[in-house]
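K.L.:
task: produce atomic coordinates for the following.
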Amino acid sequence: MAQADVTQEEQVDALFEDLLRKGPIDVLVNAVGAFGFRPFLETSASEWQEILESNLLSVVYCTRRAVSAMRAQGGGHIINIGSMHADQVRARPHTLPYAIAKAGVVHLTRTLAKTEGAYGIRVNAVCPGFIEGGDHTDPKHALRVPLGRLGRAEDVAKAVAFLVSENAAYITGIALGIHGGAFL
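P.N.:
Below you'll find the predicted structure:
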């Protein structure tokens, strides 16, 4: 097992050097990021920086290293974890840094899908909604979900597994909403 603070580019470089010594990188899942719920005028510069670094720059750093390795080996899969509605311009009060970062992740996903497909690299995003145990998920959110329940970590994991499987061999550049229809 290897660990790194993925908001620090030097640590990401060292992490990937260690991982590549052990073998090829076939799949990268970018699944880290701090959440903040605070009114715009009360959100400090350091909070903006922490949320943008953990949700967007960490994805850039890891993806840059993964793309380089995947190009050299002839392909791979990158899955970025977004957020419900990160693929849409939708006002989300009190979550501005997070919403901006996750929208950036979706844009990065789509752009890289277009540029890296020629190298056999598929890039997709999974955008979860209300997931059990999430820091910002209240059990009452299940009332807003047509399927009548909160999502589970397994729901997200199964979507990731599908997107890296041969069953999804012709899918790239999507932002797959895993939200039980919460915002249809």
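K.L.:
dump the residue contacts of residue 183.
P.N.:
84-85, 129 (CB atoms under 8 Å, 6 or more residues apart in numbering). The C-beta positions use only the backbone N, C-alpha and C, and glycine is treated the same way.
K.L.:
gap between whichever strand in the chain runs longest and the chain center?
P.N.:
Longest strand in the chain by number of residues (criterion: DSSP state E): strand 121-128. Distance of strand 121-128 from the chain centroid (CA atoms, centre = their mean, to the nearest Å) equals 7 Å.
K.L.:
now do stretch 3-23
P.N.:
Here stretch 3-23 is found 18 Å from its chain centre; the criterion is CA atoms, centre = their mean.
K.L.:
and stretch 164-177, by the same measure?
P.N.:
Relative to the centre of its chain, stretch 164-177 is centred 14 Å away, using CA atoms, centre = their mean.
K.L.:
before we move on, what about stretch 52-59?
P.N.:
Taking CA atoms, centre = their mean, the mean C-alpha location of stretch 52-59 is offset from the chain mean by 10 Å.
K.L.:
next, the distance between the ends of that stretch.
P.N.:
Terminal residues of stretch 52-59 lie 10 Å apart, using CA to CA, to the nearest Å.
K.L.:
where is pLDDT lowest across the contacts of residue 183?
P.N.:
Ranked by pLDDT, the contacts of residue 183 bottom out at residue 85, which scores 79.
K.L.:
so that one, which state does it fall into?
P.N.:
Under DSSP: H, G, I helix; E, B strand; the rest coil, the three-state class of residue 85 is coil.
K.L.:
helices of the protein, residue ranges please.
P.N.:
Assigned by DSSP state H, the chain shows helices spanning 9-22, 45-52, 58-73, 96-116, 153-163.
K.L.:
in a markdown table, list those helices along with mean neighbour count and mean pLDDT.
P.N.:
Shown next, in a markdown table, are the helices of the chain (neighbours: other CB atoms under 10 Å; pLDDT from 0 to 100):
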| stretch | mean neighbour count | mean pLDDT |
| --- | --- | --- |
| helix 9-22 | 14 | 97 |
| helix 45-52 | 15 | 97 |
| helix 58-73 | 19 | 98 |
| helix 96-116 | 20 | 96 |
| helix 153-163 | 16 | 97 |
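K.L.:
tell me, what residue is most central in this structure?
P.N.:
With distances taken as CA atoms, centre = their mean, residue 81 lies nearest the centre of the chain, 2.0 Å away.
K.L.:
does that one have beta-bridge partners, and which?
P.N.:
Residues in a beta bridge with residue 81, per DSSP bridges, are residue 126.
K.L.:
alright, that wraps it up for me.
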